[in-house]
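Sharing a sequence plus its predicted fold:
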Amino acid sequence: MPLDSDVSGADAQLHVEFYEFDKAPYKGQPFVRIMAPGDKTNIIEQPVREHHKARFSRQWLYYQMRNNEGPELGTPLETWHEDASEELNDYQMAELQILKFRTVEQVATASDSQLQKVGMGAQALRERAKLYLNRKNSSAFSDELSNTRKELDELKAKMSQLMDERRPGRPRKEVIDVQHDAAISDASHE
């Protein structure tokens, strides 16, 4: 995304590369290298700052994807492979990882053109991914439902126990009047 001051699109002409620095004292820290193609005397290399990420957002996104730094939302392929190894064998999982599929949701929602790169049996793999997610979600739902029912039964038992232990509140009016009359007559006899 060019800056407002970048009227002529000069940023598009720059070669920008994000990388991980490998020497002390910045070892492991992300760095940026900015240079104009054909000019080897003017190369800028420095630690990545927020304005670099905003100015060269496309290159920053590529760096994050290449280094798997972005958070992955969904069920990892490894979990699917562990839960149902008959549905996803080692070779299929390796192939999907080479093509940068990381989650079962990515496989389940993949387009036909994406699946062509996977090869034969890719559509069946997509259907198995959908079935796996349905099974996983329905079992999670049924577990949550059974936990909720158990809590409800516990609360009902507590409520009935509290109702049984209930102490009467204020006495009835006629009982109060009789006690009051008795107290007045006792006071007058003294």
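It's in.

Not counting residues beside it along the chain, what's closest to the residue positioned nearest the centre of the chain?
By C-alpha atoms, centre = their mean, the chain has its centre lying nearest to L73, at 5.0 Å. Nearest residue to L73 in three dimensions, chain neighbours excluded: T103, at 7.2 Å (C-beta to C-beta, 6 or more residues apart in numbering). For glycine as for every other residue, the C-beta is placed from the backbone atoms N, C-alpha and C.

isn't there a helix covering the residue nearest to the centre of the chain?
No. In this structure, L73 is coil, not part of a helix, as judged by DSSP: H, G, I helix; E, B strand; the rest coil.

how much space between it and V104?
Going from L73 to V104 by C-beta to C-beta, to the nearest Å gives 11 Å.

Which residue ranges of the chain form strands?
All strands of the chain, identified by DSSP state E, fall at 15-20, 30-35, 43-47.

how about low-confidence regions in the protein?
Applying pLDDT under 70 to the chain flags the ranges 1-8, 68-72, 166-190.

Centre of the chain to whichever helix in it runs longest, how far?
Identified as the longest helix of the chain according to DSSP state H is helix 122-164. Distance of helix 122-164 from its chain centroid, counting by C-alpha atoms, centre = their mean, to the nearest Å, is 20 Å.

for stretch 112-127, same thing?
Distance, stretch centre to chain centre, for stretch 112-127: 26 Å (C-alpha atoms, centre = their mean).

Give me the residues contacting that stretch.
The list of residues contacting stretch 112-127 from outside it, by C-beta atoms under 8 Å, 6 or more residues apart in numbering, reads L88, Q92, E95, L96, L99, V107, A108, A110.

Now rank those by neighbours and give me the top one.
When neighbours are counted by other C-beta atoms under 10 Å, V107 leads the contacts of stretch 112-127 with 29 neighbours.

my guess is it meets L99, correct?
No. Distance between V107 and L99: 9.9 Å, which falls outside the contact criterion (C-beta atoms under 8 Å).

Identify the contacts common to those two.
Taking C-beta under 8 Å, 6+ apart as the contact rule, V107 and L99 touch no residue in common.
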